[in-house]
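1. Give me a model of this one.
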Amino acid sequence: MVDSYVFRLMREEDIDQVLEVEHASFTTPWSREAFFNEIHNNKFAVYIVLEENDKIIGYCGTWIVIDEAHVTNIAILPEYRGKKLGEALLTKLISTAREMGAKSMTLEVRVTNHVAQSLYRKFGFHNGGIRKNYYSDNQEDALIMWVNL
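-> Predicted structure coming up:
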């Protein structure tokens with residue numbers, strides 16, 4: 001049940017655990033330096049971790065620029081997938097973005113990642129275009145999706 005989990009803002013000491021989620025989730029994971037810079041140097045960035053018993057099992061991030069939120073990442077450890085935790089993370093991210101004044105949210109998702117696209121559509125995201133050759137690992141296109149908050 002989602003009720004047994006804790007959401008909170010990411011801190012520097014979370015980076016090691018976040019990297020575990022990152023490496024388990026993406027073919028081209030972000031580096032420690034990238035997360036450090038997001039936390040300390042990017043005034044637009046907001047990152048949220050999802051914990052169970054003090055273990056980070058998922059995280060998400062967004063950049064909020066004026067009234068637009070751009071989702072940078074959302075990931076759950078593989079063994080925790082299929083439990084509606086991605087939905088819970090996205091719900092938390094959307095509510096946080098709204099609280100910070102965002103009126104719309106956008107993201108990119110691999111054109112072949114139908115599971116993620118289905119999740120985003122549940123939240124009202126719609127197709128907004130294609131970014132050709134967006135992913136550096138295989139030059140896969142990204143679907144741009146948008147939702148009004």
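
2. So residue 88 belongs to a strand, correct?
-> No: secondary structure of residue 88 (DSSP: H, G, I helix; E, B strand; the rest coil): helix, not part of a strand.

3. For it, report the pLDDT, please.
-> Here, the pLDDT recorded for residue 88 equals 94.

4. With residue 79 instead?
-> Note on residue 79: pLDDT of 96.

5. Lowest mean pLDDT among the helices and strands of the protein, which one is it?
-> Every helix and strand of the chain was ranked by mean pLDDT, DSSP states H and E. The lowest is helix 114-122, at a mean of 93.

6. in it, what's buried?
-> 116-117, 119-120 (16 or more other CB atoms under 10 Å). (C-beta placed from N, C-alpha, C; glycine too.)

7. Farthest-apart pair in these, please.
-> Using CB to CB, the buried residues of helix 114-122 span at most 7.3 Å, a distance reached by 117 and 119.

8. separation between residue 147 and residue 132?
-> 23 Å (CB to CB, to the nearest Å).

9. Looking at the two, which one has more neighbours?
-> Comparing residue 147 with residue 132 by other CB atoms under 10 Å, the one with more neighbours is residue 147, at 17 against 9.

10. What is the helix or strand containing that one packed up against?
-> Secondary structure assignment for residue 147, by DSSP states H and E: strand 142-148. Packed against strand 142-148 by the contact rule (3 or more CB pairs under 8 Å, 6 or more residues apart in numbering; DSSP states H and E) you find strand 104-110, helix 114-122, strand 126-131.

11. Look at the residue nearest to residue 130 when sequence neighbours are not counted and say how many residues are nearby.
-> If the residues on either side of it in the chain are set aside, residue 130 comes closest to residue 141, at 5.2 Å by CB to CB, 6 or more residues apart in numbering. Neighbouring residues of residue 141 were enumerated by other CB under 10 Å; the total is 15.

12. Could you measure from residue 141 over to residue 108?
-> Counting by CB to CB, the gap from residue 141 to residue 108 is 9 Å.

13. got any ranges where this protein has weak pLDDT?
-> Applying pLDDT under 70 to the chain flags residues 1-3.

14. Tell me which stretches of it form helices.
-> 15-25, 32-41, 85-99, 114-122 (DSSP state H).

15. relative to helix 114-122, how tilted is the third one?
-> For the pair helix 85-99 and helix 114-122, the angle between their directions (axes from the mean of the first three to the mean of the last three CA atoms, to 10 degrees) equals 40 degrees.
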